[in-house]
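> Have a look; sequence and predicted model below, questions after that.
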Amino acid sequence: MQELYVDDLGTGTPLVLVHGFLGSSAIWSPQKLFLNKYFRLIVPALPGFGESSKLNSLDSIEDMASSIIKVLQKKNIKKFYLMGHSMGGMVAQEIVKKCKDKVLKLICYSTGSIGDIPGRFETINDSINKLNQDGIEITASRISKKWFVKGEKDKNFYLCEQANKATSLDAAINALNAMKRWNGKDSLKNIKVKTLIIWGDLDTAYNFDQVNMLKNNILKSEMKVFENCSHNVHLEDPEKFNLIVKQFLND
């Protein structure tokens, strides 16, 4: 039986990176190259995505969180830093809920407190309908282009293309349904760890109201806004992104 794919790189305090919708472990490539010098990076591909594409996909955010917690338990990781991007930010919030005092610091990146996101470039239901009508290849490419200011011309867009090719239709639909059903708003007040919120000011997936909801409800939180970036800041401006993450975790 195939196990969840996980990159385990570097030494030091573990930093768990959780990718978003249509993502993979490889989507963090610029972060792996830089941050593995300072942290032990634990970088899974969620079931049904990327390098874990042969595993049955999951249709709940809570189950996605549990799949990562099992990896951490198997590796006997007791304490760790945690960063989640987009859908992965929802998964990260669930990990905090389940793991409580095991999370040392949290980074919520281009994400929010609810999955059925008001103001998204299209509704979750629209995305599901278009997946069924147009298929995974066309829909994934169309959505991924919206995550970059430069669209497919961005130098790191190829990482999204690679992840898209490894994602099945079922995995994409299950993930969207998982997001649609998820609501973590009432749990924000229970996040006690120091939290960094990262957002690109041209993000059309999560508007400012969504990230500001995190800032206003997580007690020990701060926000860093990247100008002229969209949803994939870590790929659009990786050098600045990596330095900010390193500084926050080492502060």
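On my side now, so go ahead.
> where are the low-confidence patches of this structure?
1 (pLDDT under 70).
> any idea where the helices of the stretch 101-250 of the chain begin and end?
Remark: helices assigned in the stretch 101-250 of the chain by DSSP state H, counting those that start in this stretch are 124-134, 136-145, 157-165, 169-181, 208-217, 233-236, 238-250.
> Quick check: which of those helices is buried the most?
helix 233-236 (a mean of 25; mean count of other C-beta atoms under 10 Å). The C-beta positions use only the backbone N, C-alpha and C, and glycine is treated the same way.
> which helices and strands does that helix pack with?
helix 29-35, helix 157-165, strand 194-200, helix 238-250 (3 or more C-beta pairs under 8 Å, 6 or more residues apart in numbering; DSSP states H and E).
> can you list the residues that contact stretch 176-184?
21, 58-64, 87, 90, 93-94, 97, 113-117, 124-125, 127-128, 131 (C-beta atoms under 8 Å, 6 or more residues apart in numbering).
> are any of those buried, and which?
21, 58-64, 87, 90, 93-94, 113, 115, 117, 124, 127-128, 131 (16 or more other C-beta atoms under 10 Å).
> The contacts of stretch 176-184 in strands, which ones?
Among those, DSSP state E puts none in strands.
> What distance do you get for M64 to H85?
13 Å (C-beta to C-beta, to the nearest Å).
> Next: I173.
Counting by C-beta to C-beta - I173 and H85 are separated by 20 Å.
> Turn the helices and strands packed on helix 233-236 into TSV, columns for distance to Q210.
As requested, these are arranged in TSV below (distance: least, C-beta to C-beta, whole Å):
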stretch	distance to Q210
helix 29-35	23
helix 157-165	21
strand 194-200	9
helix 238-250	19
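> Count the neighbours of G135 for me.
A total of 11 residues lie near G135 under the criterion other C-beta atoms under 10 Å.
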